[in-house]
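Colleague: kindly return the folded structure for what I paste below:
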Amino acid sequence: MGERLRVLIAKPGLDGHDRGAKVVARALRDAGMEVIYTGLRQTPEMIVEAALQEDVDAVGLSILSGAHMTLVPRVIQGLREAGLDHVKVFVGGIIPDEDVPALKEAGVEAIFGPGTSTLTIVEAVRRACGEG
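Modeller: Numbering: from 1, shown residues only. The predicted model follows:
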């Protein structure tokens with residue numbers, strides 16, 4: 001690929017803690033990707049619209065609120081309905097192990113829990129988007 005990967009980082013729902021999202025955004029940017037950060041309290045519809053407008057390759061969702069089983073599938077469904085089936089979706093945050101299979105079944109590429117190294121995240125995004 002001649003162009004840089006474009007990644008949207010979003011904080012869906014009412015969770016107000018965004019330090020992890022900002023750390024991941026900086027790591028992806030430092031790795032040469034173009035990163036768009038939507039800020040706090042985004043609805044799934046707002047995230048899908050931003051992904052569409054920004055023509056992204058991947059969407060990273062940071063969720064600490066426990067609403068991942070509701071919000072993540074809504075974002076993925078919205079991406080599909082918008083014709084963005086090619087956009088890879090990643091999730092970071094507090095995700096119980098028992099929820100991982102359902103999220104992957106819904107279309108999540110990878111899930112990163114607390115303490116995941118930024119290098120691991122960068123490599124996973126590159127690999128999923130065909131650059132690794």
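Colleague: for the protein, which spans come out with low pLDDT?
Modeller: Low-confidence segments of the chain, defined by pLDDT under 70, are located at 1-2, 132.
Colleague: show me the helices in it, by range?
Modeller: Applying DSSP state H to the chain gives helices spanning 19-30, 44-54, 68-81, 100-106, 118-128.
Colleague: quick one: the longest one to helix 44-54, angle?
Modeller: Regarding helix 68-81 and helix 44-54, their directions subtend 40 degrees when assessed with axes from the mean of the first three to the mean of the last three CA atoms, to 10 degrees.
Colleague: bridged to G93, which residues?
Modeller: I63 (DSSP bridges).
Colleague: so which of the helices of the chain gets nearest S62?
Modeller: helix 19-30 (3.9 Å; CB to CB). (C-beta placed from N, C-alpha, C; glycine too.)
Colleague: chain neighbours aside, what residue packs nearest to L84?
Modeller: Once flanking residues are discounted, L84 sits nearest to A51: 5.9 Å by CB to CB, 6 or more residues apart in numbering.
Colleague: likewise E45?
Modeller: G78 is the one closest to E45 (CB to CB, 6+ apart), at 6.3 Å.
Colleague: which residues touch that neighbour?
Modeller: 44-45, 47-48 (CB atoms under 8 Å, 6 or more residues apart in numbering).
Colleague: now do 7 Å
Modeller: 44-45, 48 (CB atoms under 7 Å, 6 or more residues apart in numbering).
Colleague: check V35 too.
Modeller: 7, 9, 25, 28-29.
Colleague: for it, name its beta-bridge partners.
Modeller: V7.
Colleague: contacts only, for the nearest residue to E81 once chain neighbours are set aside.
Modeller: Leaving aside its sequence neighbours, E81 sits nearest to V48 (CB to CB, 6+ apart; 7.8 Å). Each residue near V48 by CB under 7 Å, 6+ apart is listed here: 75, 78-79, 82.
Colleague: fine by me, we can end here.
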